[in-house]
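mind looking at a prediction? Sequence and model below.
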Amino acid sequence: MKIFFIICSAFYFNPIFSQIELLNNSLINPEAKIAYRGFDNRIVISGINVDSNTIIISSTDTLLRFNQEFIYFPKIKKEKDILTVVSNGIQLHQSIYSLERLQDPKIHFGIVRDTIVSRKYLLCNPGLILTYEPQIAKFNAYVASFEASIIKNNGNEIDLYDITKDKLPYWSDEKIDRYVLKNDRMFYGGEKFTKKQLKKLKRMKIGDIIWFKTVILNCPDCVGRKITLNLKLTLIE
């Protein structure tokens with residue numbers, strides 16, 4: 001019994017045998033042992049106190065560290081890689097990560113994954129979202145603004161541009177700030193419809209089409225990037 005207690009104590013107090021885990025904070029499910037090539041996988045260590053002597057080593061190099069996160073940017077062509085946690089020269093943990101090529105992102109209107117949208121959901125104003133579906137990487141960009149219009153059954157097209165957009169270049173910074181606060185936008189335009197745009201959407205008839213033409217994306221490496229979207233959703237009740 002005494003020997004059993006000593007062995008159990010050794011396991012409990014030895015950091016090598018504690019419940020160390022690597023989490024990928026760049027994923028929707030951080031516990032998934034997946035890392036994407038050409039992508040900043042932000043790895044954190046749970047289960048131990050991470051100090052200045054704690055490092056993570058991949059098969060090719062030592063990961064760069066920013067605060068409590070280690071940036072893993074896999075470049076090897078193998079399907080798997082091993083990440084090793086080392087502290088004061090002692091190996092504490094290893095995790096095997098599957099390496100995948102990250103697909104191009106997609107832009108959707110809320111949860112809509114089809115070419116139709118109900119009036120109720122349209123007026124809920126869920127906004128445009130960016131996703132890597134079906135992959136589980138988090139997107140580090142957001143929609144700063146978009147261009148859209150309504151195509152009527154008779155073929156007429158109604159722009160949804162807010163009239164203040166033409167005035168924006170001539171506004172002072174203070175006036176822009178007031179506008180942003182009033183319309184609850186992080187930036188002018190945002191990923192959602194404005195109140196004026198929603199009034200036009202309420203007048204849509206069944207069969208009318210909402211056409212998202214272009215979007216402006218903002219991210220650490222793509223500020224003001226404009227891309228063609230060409231997303232068309234037909235209104236149903």
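Structure's in. What do you need?

count the residues that sit near the closest residue to Asn153 other than its chain neighbours.
In this structure, Asn153 finds its nearest non-sequential neighbour in Gly207, 5.0 Å apart by Cβ to Cβ, 6 or more residues apart in numbering. From N, CA and C alone the C-beta is placed, and that goes for glycine too. The number of residues packed near Gly207 is 11, by other Cβ atoms under 10 Å.

what's the answer for Ile129, then?
Neighbours around Ile129, by other Cβ under 10 Å: 16.

if we can go back for a sec, got a pLDDT number for the residue nearest to Asn153?
On pLDDT, Gly207 comes in at 95.

show me the contacts for it.
By Cβ atoms under 8 Å, 6 or more residues apart in numbering, the contact set of Gly207 is 153, 234-235.

ok, Asn154 next?
Counting by Cβ under 8 Å, 6+ apart, Asn154 has no contacts.

okay, Ile34: pLDDT?
97.

could you give the bridge partners of it?
Ser98 (DSSP bridges).

please, a ChimeraX command that selects the buried ones among the contacts of Gly207?
Here is the ChimeraX command that selects the buried residues among the contacts of Gly207 (16 or more other Cβ atoms under 10 Å):
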select :235
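
where along this structure do the helices fall?
2-13, 119-124, 173-182, 195-202 (DSSP state H).

select from the ones you listed the stretch with the lowest mean pLDDT.
helix 2-13 (a mean of 39).

report the contact partners of Leu160.
147-150, 193, 197, 200-201.

how about 7 Å then?
Leu160 makes contact with 148-150, 197, 200, according to Cβ atoms under 7 Å, 6 or more residues apart in numbering.

how far away is the spatially most central residue of the chain from Ile45?
Nearest residue to the geometric centre of the chain (Cα atoms, centre = their mean): Phe139, 2.2 Å. The gap separating Phe139 from Ile45 is 24 Å, by Cβ to Cβ, to the nearest Å.

same check, this time on Glu100
22 Å.

please say which of the two ends up with more neighbours.
Ile45 (22 against 16).

can you list the weak-confidence ranges in this structure?
For the chain, applying pLDDT under 70 flags the ranges 1-18, 161-171, 173, 175-190, 220-223.

for stretch 135-146, which positions count as buried?
For stretch 135-146, by 16+ other Cβ under 10 Å, it's 135-137, 139, 141-146.

got CSV for those, with distance to Gly127 too?
Shown next, in CSV, are the buried residues of stretch 135-146 (distance: Cβ to Cβ, whole Å):
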residue, distance to Gly127
Gln135, 21
Ile136, 21
Ala137, 20
Phe139, 13
Ala141, 14
Tyr142, 10
Val143, 7
Ala144, 12
Ser145, 11
Phe146, 9
